[in-house]
Structure formats: C-alpha cells, structure tokens
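# sequence plus predicted model, see below.
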Amino acid sequence: MQSFRTELENPIVERDIIELEQKIRLFREGKMPEEKFRSLRLARGVYGQRQQGVQMVRIKLPYGKMTLQQWKRIADISDEYSTGNLHLTTRQDIQIHFVSLDRTPELWSKLAEDDVTIREACGNTVRNITGSDAAGIDPNEPFDVTPYADAAFRYFLRNPICQDMGRKFKISFSSSEKDTAFAFMHDIGVIPKLRIIDGKEVRGFKVMVGGGLGAQPYLAKTGFEFLEEDQLIPYIESVLRVFDRYGERSSRHKARMKFLIQKLGMEEFERLVKEEYKAIKSKTVPVDYAAWPELAAPAANVALPAYEIKNPQQYEAWKKTNTFEQKQKGFYGVYVRVPLGNISSVTSRTLIEKLQSVVADDVRVTVNQGLLLKFVRPEYLPYVYSLLEDAKLDAPGFDSIADITACPGTDTCNLAISSSTGIAAALENVIHDEFPDLIYNNDIKIKISGCMNSCGQHGIANIGFHGSSLKSGGKVLPALQVLLGGGVLSDGEGRVADKVLKVPSRRGPDVLRTLLHNYESNRQPNELFNDYYDRNGEKYFYELLKPLADLGAVKDGDFVDWGQAETFSTAIGVGECASVIIDLIATLLFEAEEKLDWATQAFANNAWADGIYHTYSCMIQTAKCILLDENISCNTQHGVMNDFDKHFVETGKFEMDSFRNMVLQINQHEPTESFAKQYFQQAKAFYDKAQQYRLEKQAAGVTA
C-alpha cells in the first residue's frame, strides 16, 4: 500500500471542497441550522476560536510527517490566510488561527495541491493518527511502524463507519517498547512486536484499548499481547463499529470509548467486537512492508555556504541533548525545540531553503511540539546548528524538563480557563536561569493545559498544571491545579498524575522552585523523580506546597493572568474540540436522505461495505427522528433500535416484525452486492414510511 497521494486530483476531495463551500453559503443565507453546520465544519478541520468571527484550521499530518514542500505550502498558506504563525500540536498536527470561514474552501484546495488534508482533523471522527517521530530511524524499533500508520490513516479517512460517532477517536503507533507515542492513553494504541511462528519471523502489534486523558483519565487495557499485522486494521474497524453503535450520544462528557468499556466491561466489549467481524469490509488488510520506499539520504560532500557558530559551548550541549545516531549508521536525527510549538512562516521558509541539501525529505512534528530532522550526516551537524542558531531555535534540552509542553490555552481556545503559554514561558525561564544543568534531565516532564481536558497532556506529566480559578475576597483569580507523579513507563504501561492542590497562577514559578529545590536536597542517589514522589507520598507534597495555596496574602497582581494586562475573569465558551450533539428533527431527516445518496454513490463504485454502512446510518437517523418527534430521546444507536421497537413496532404504529432485527442484519451477512441491495431497499422503504408518518401527523395538527 502506498502513502497518501494526489489529494487534489482525487474527485472525492474535490467534491468535499465544493460541498464545504456550498454549505457555508447555505449557512450564511440562514438555510442550514448552526448545529448542523458546526458538525460539518468540524469534520473538515475548521474550528471556532475564542475570538468571534474567525476560525482555527487544523492541518492533519498523519504520524506528524511532512515533506519540505508540504512544510513550505503550509507556511505560504499561513501568510495568505492566517497570521504567519504555525502552531505545532501534541497530536502532531499544525494549526493556523484567525482564518475567515469563507476562505476555508480555497485554503483547503491549495493545501491539496501538495497532498495535505484538513478532513476529519476535528469533530466526532478518527482524529489524526499519531506515531513515534523517530519511526523508521529508531535504533530500538523491531520494525518501522510508518507503513502501518499510513495504511490506517488512509483506510479510515472518509470511511463511513467513523464520520459521525458519539465522540472523537484517537489512535497511536509507537515505534518500540519505550512507547514514545503513549499507547496507554489512546482509544487504540499499538506497539510493534516480532514473534517466531512456524519457524518464521512474523510482524505484529501489542494492542492497547480504551485509554484516554481528559478530566477523567483512564489507562488503556491490553486488547492483544500480539496481533498479526494484517489483522490490525480489521480489528480497529470492528472496534469503531461497536463504538459507533453503543457509544453515548447525549452526554458528551461520557461519550469516549473509555466510558463505553467501563460500562460494558471488557469481556462484553470484546464479544461485541468479534460479532462485527463478519460484516467488515476486509477480513485481512496486508501492508506491503517490503515495498515501502526508503528515504533518500542527503548526498555526501555537499558544498555548504559559509557559516559561523556563535556559541560553541551551547553547540556542544545541543549536540548532546538534541541529536542521536539513527539505526542507519553514520546518520543522525536532529531534534528542534520549538518554544510553545510556535514557528513563523518566515523562519520555516528560511530553514527549508537552507536545510534541503543536508536533511531527508521527511520532517516530523513531535508529540511535544517540536520538529525532527532525519538523515543528517555528522559533518553537517555544525551547519545545521548554525541555521537553528540564526533562527533562535538552537536551545538544547529537547524533551528535557526545560522543554515544556503547553496547549494554546486562553490565547485562542474556547474551553481554556487560564493561560497556558504565559505560565509555560515563565517556568522555562525559571529552569534556564536557576537550574541550567537540568537541560540534561530527560526524566522529568512538565506539561500544561489551559483547562482539565488535557490537550497539553498534563495528566501524564511528572509535574503537570492545568488552568483553573479561585475566589478571594469575592473576586476571581487565575489558578493552576498542580499534578504530580504521572509519566510513561514502557510497553503500553503509564501513570496518571495525582491532583495535589490548587494555587494562584502567579505562584506557578514558586511551585516549580519549591519542588526542584526539595528534590535536589532530599533525593537518594540516582533516584528518579517519580520514585522520589512515591517514597514521600502525595500528602508530603501537599504539605510542602500548601503555603503557596494560602489566599490570605493575595496581591493585586495575582488577579492578572500571565501575558494579560486586565483583571482576570472566567470566560469559557462552548467547546468544539469534542463537537456537539445534534438532535434537530428536520436536520436528522435531511441527514438520513443524504446517507441514502451516499450509499447509492458507493454502490456505483462497487464499494458494497461502505454503502451498507451508509444504509445502516440512514435507518438509525430516520428512527431517531421519529422518536424525537414523540419526545423520546435516546443516548445510543443501540437504544434507538430498542426504543423504536418498544414505542412504534409493539404499539402497531409501524407495521414490521422488528426494527432492531432489520437493522442488525448488518452483522449477520458478508458485505456482498446482493445483501447490499436488499438492505438498501429495506432502508429506503423505512425512510419513505417515516416521511409519510410525519406528514400525516403534521396534517392532523400535531407538529414536532
């Protein structure tokens, strides 16, 4: 299977872009409900900002990969449509902000010229599939997971089974047992494994299921210790079908897969997943690993322009902390610390132009908001450093305690409570000025989120903070919830941080000073931070930090958040990152009819499994509409089936044996042409009957 190509040349992509433009027009003309438009917009990577009238556009980079030309394209687009800033995210996307809604179709079409998409970067979809940035060059990897991550990305993009789920769904591919892509905190996370079967070495994956952070973190459970490579995508498809059918759809705070597994129990969840296997599109999805193209290494003896290293001492520190020898001997990976994940378009273009002869054409966005350059020859390292030095991106200590991860917080996000970026910069200054030797410490990770939702991944930090608020003297001040003891262990095992206490945001630097001084003074020889935390216990650290939580000595400055000039006030908007639940009756009927059209299009291309799933979705949407017309609200697709039978079939309002049995034929048949056509005719007849029922009800004077 080849990598994602020809986005613009794909007629489906062209139709997507035209559809977005048409729906924007309908929305502007008041012909499309805002809730329906929001769902469509989010599934196309267009996200409402805290600031009214502008959008954030999330650019989807599978496993964080971009070519140099794609990087340049994104930089150029940021100049033309945004602010000239590229924000690298913890999910290896790039976000640009302050974009006009009306210009998003044009923006998308220009991205597509270099095979870049924004499709399903937000909304209730399979989000960007993340991966270890060093995959393919990692000295510890049993094999390169990149071809498999790429295959999964393409398989689920625009796949009918995951276009309108109850919530988002996240997948990660780690390159080794070190689990640098955090399998333990994903809906599905995989780790590569090799086994000898019948005398042959077989590639496969350890599969972790049902993890997640957010306000209620859950560690993933082991789905398989070893799943053969060609079974991975079919298994993910089966899981997604169960999540779509049984997942919560009313309360979005309970709609992630981790809550579904908690509700069903792992044994029942696994039974339901196996039940889906008969109906899935492909029983095996092999990946032609041997055909995956090898990266072309830069030529030797390139004539470099004159350059100068201004700080030789820092160069040596940078080389020690930001570079590593690849599994391909004689080449180095080079990490770039990007402060708060923000890099300008001007800097990007300069680096692209000057680096292209000495790095491979494969740049990775890292999960801690940096960049990885590949296949750098050792003789080119000084030149690469000099370019980063000129760009002020030469800081050593990549992925160390000094390399703090932070979400955008109140800079742009609707959900943020207090600043992430401002406090992150203040904490980095504490480390740089007062604990400079900690740039060599890769044990302690600091992560910050603007709210409890953990976009900055504070829930798995050794030292984490998330935005909050406190009251003092009748006024509200910005605050930080302090969390300690989280982290990555290995092979799909992780730790969730403990909430210790809450302090005014302005005292965040003092929290860090207190923790680090205490650790330096009282740790045992070679004792790691989490071991030190475990030895002393949560109560010890609560008492240690308690004086900083005292509101008796609050100053006027404590009421002003980091990076702000005005007095703090909480202004939380409606969050869109998890999308919204849409229950408008007219919209549901429109969606049901639209799904019949999509099924017809799929059948025309002999895509029987896709058409069958569109047909299934039509039945569910139609039934949901009729139930809502009677003020009967259901929170799962499974509930829709049961309630329709109870209120309409058993009462004789709809003459049929069982709606549930009709719908669940989807699990009892192979996705053949004959079943697809039979199932479609049943759905069409049911839809027509539902339309007639509603018209008769309205004619009788009973309106929805």
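Now that the structure is in, tell me what you want to look at.

# can you tell me which residues contact Val46?
Val46 makes contact with Leu20, Gln55, Met56, Val57, Val99, Leu101, Thr104, Ile118, Cys122, according to C-beta atoms under 8 Å, 6 or more residues apart in numbering. The C-beta positions use only the backbone N, C-alpha and C, and glycine is treated the same way.

# phi, psi for it please.
Backbone torsions for Val46, taken as degrees, to the nearest 10, come to phi -110, psi 120.

# likewise for Glu353?
Per degrees, to the nearest 10, the backbone of Glu353 is at phi -60, psi -40.

# what distance do you get for it to Ala391?
To Ala391, Glu353 is 12 Å away according to C-beta to C-beta, to the nearest Å.

# which of those two has more neighbours?
Ala391 (17 against 12; other C-beta atoms under 10 Å).

# isn't the more buried one up against Thr350?
Yes: using C-beta atoms under 8 Å, Ala391 is in contact with Thr350, at 6.7 Å.

# look at the residue lying closest to Lys471 once chain neighbours are set aside and give its secondary structure.
Excluding the flanking residues, the one nearest Lys471 by C-beta to C-beta, 6 or more residues apart in numbering is Leu477, at 7.6 Å. Classification of Leu477 by DSSP: H, G, I helix; E, B strand; the rest coil places it in strand.

# nearest to Asn605 among the contacts of Val46?
Leu20 (21.7 Å; C-beta to C-beta).

# starting at the chain centroid, how far to the host helix or strand of the closest one?
In the assignment (DSSP states H and E), Leu20 maps to helix 11-28. Offset of helix 11-28 from its chain centre (C-alpha atoms, centre = their mean, to the nearest Å): 24 Å.

# and stretch 29-38, by the same measure?
That offset, for stretch 29-38, works out to 26 Å (C-alpha atoms, centre = their mean).

# pull out the buried residues from that stretch.
Buried residues in stretch 29-38, counting neighbours by 16 or more other C-beta atoms under 10 Å, are found at Met32, Pro33, Lys36, Phe37, Arg38.

# run through who's touching the stretch of helix or strand Trp108 belongs to.
Using DSSP H and E, Trp108 maps to helix 104-112. Defining contact as C-beta under 8 Å, 6+ apart, one finds that helix 104-112 is touched by 7-8, 13, 16-18, 20-21, 24, 44-46, 55, 57, 59, 73-74, 77, 80-81, 99, 117-118.

# same thing but at 10 Å, please
For helix 104-112, contacts defined as C-beta atoms under 10 Å, 6 or more residues apart in numbering pick out 6-10, 13-14, 16-24, 41, 44-46, 55, 57, 59-60, 70, 73-74, 76-78, 80-82, 96, 99-100, 116-119.

# relative to Ser418, how far out is the spatially closest residue to Thr567 that is not a sequence neighbour?
Setting aside the residues directly before and after it, Thr567 is nearest to Phe559 in space (C-beta to C-beta, 6+ apart), at 5.1 Å. Going from Phe559 to Ser418 by C-beta to C-beta gives 12 Å.

# equivalent analysis for Tyr81, please.
From Tyr81 to Ser418 the distance is 29 Å (C-beta to C-beta).

# of the two, give the one with the bigger neighbour count.
For Tyr81 versus Ser418, neighbours defined as other C-beta under 10 Å are more numerous around Ser418 (30 against 18).

# got a pLDDT number for the more buried one?
On the pLDDT scale, Ser418 is placed at 83.

# ok, and the closest non-adjacent residue to Phe654?
Nearest residue to Phe654 in three dimensions, chain neighbours excluded: Phe648, at 4.4 Å (C-beta to C-beta, 6+ apart).

# just the CA trace of the helix or strand bottoming out on mean pLDDT in the chain, in PDB.
Within the chain, no helix or strand scores below helix 34-42, which has a mean of 79 by mean pLDDT, DSSP states H and E. C-alpha atoms of helix 34-42 as PDB (Å, rounded to 0.1, in the frame of the first residue of the first chain):
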ATOM      1  CA  GLU A  34     -25.900  26.300  13.100                       C
ATOM      2  CA  GLU A  35     -25.700  23.000  14.900                       C
ATOM      3  CA  LYS A  36     -25.600  21.000  11.600                       C
ATOM      4  CA  PHE A  37     -23.200  23.400  10.000                       C
ATOM      5  CA  ARG A  38     -20.900  23.200  13.100                       C
ATOM      6  CA  SER A  39     -20.700  19.400  12.800                       C
ATOM      7  CA  LEU A  40     -19.900  19.600   9.100                       C
ATOM      8  CA  ARG A  41     -17.300  22.300   9.600                       C
ATOM      9  CA  LEU A  42     -15.500  20.400  12.400                       C
END
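
# what lines up beside the helix or strand that that helix is followed by in the sheet?
The helix or strand immediately downstream of helix 34-42 is strand 46-48, counting by DSSP H and E. Its sheet considered, strand 46-48 pairs with strand 55-59 (antiparallel) by DSSP bridges.

# tell me the helices and strands packed up against the helix or strand following the strand it pairs with.
Using DSSP H and E, the next helix or strand after strand 55-59 towards the C-terminus is strand 65-66. Contacts defined by 3 or more C-beta pairs under 10 Å, 6 or more residues apart in numbering; DSSP states H and E place strand 65-66 against helix 68-81, helix 146-156, strand 363-365.

# can you tell me which of the ones you listed is most buried?
A comparison of the helices and strands packed on strand 65-66 by mean neighbour count, using mean count of other C-beta atoms under 10 Å, puts strand 363-365 on top with a mean of 26.

# related to what we said a few turns ago, so which elements touch the least confident helix or strand of the chain?
Using 3+ C-beta pairs under 10 Å, 6+ apart, helix 34-42 is in contact with helix 11-28, strand 46-48, helix 585-604.

# relative orientation of it and helix 11-28 in degrees?
Relative orientation of helix 34-42 and helix 11-28, computed by axes from the mean of the first three to the mean of the last three C-alpha atoms, to 10 degrees: 150 degrees.

# from the chain's centroid, how far away is helix 34-42?
Helix 34-42 has its C-alpha centroid displaced from the chain centroid by 19 Å (C-alpha atoms, centre = their mean).

# and for stretch 410-417?
17 Å.

# dump it to CSV, restricted to CA.
Extracted as CSV, the C-alpha positions of stretch 410-417 are listed here (Å, rounded to 0.1, in the frame of the first residue of the first chain):
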residue,chain,number,x,y,z
THR,A,410,-6.8,31.3,26.6
ASP,A,411,-4.9,32.6,23.7
THR,A,412,-7.4,31.1,21.3
CYS,A,413,-9.3,28.2,22.9
ASN,A,414,-13.0,28.4,23.9
LEU,A,415,-12.6,25.9,26.7
ALA,A,416,-9.5,27.4,28.4
ILE,A,417,-9.8,28.8,31.8
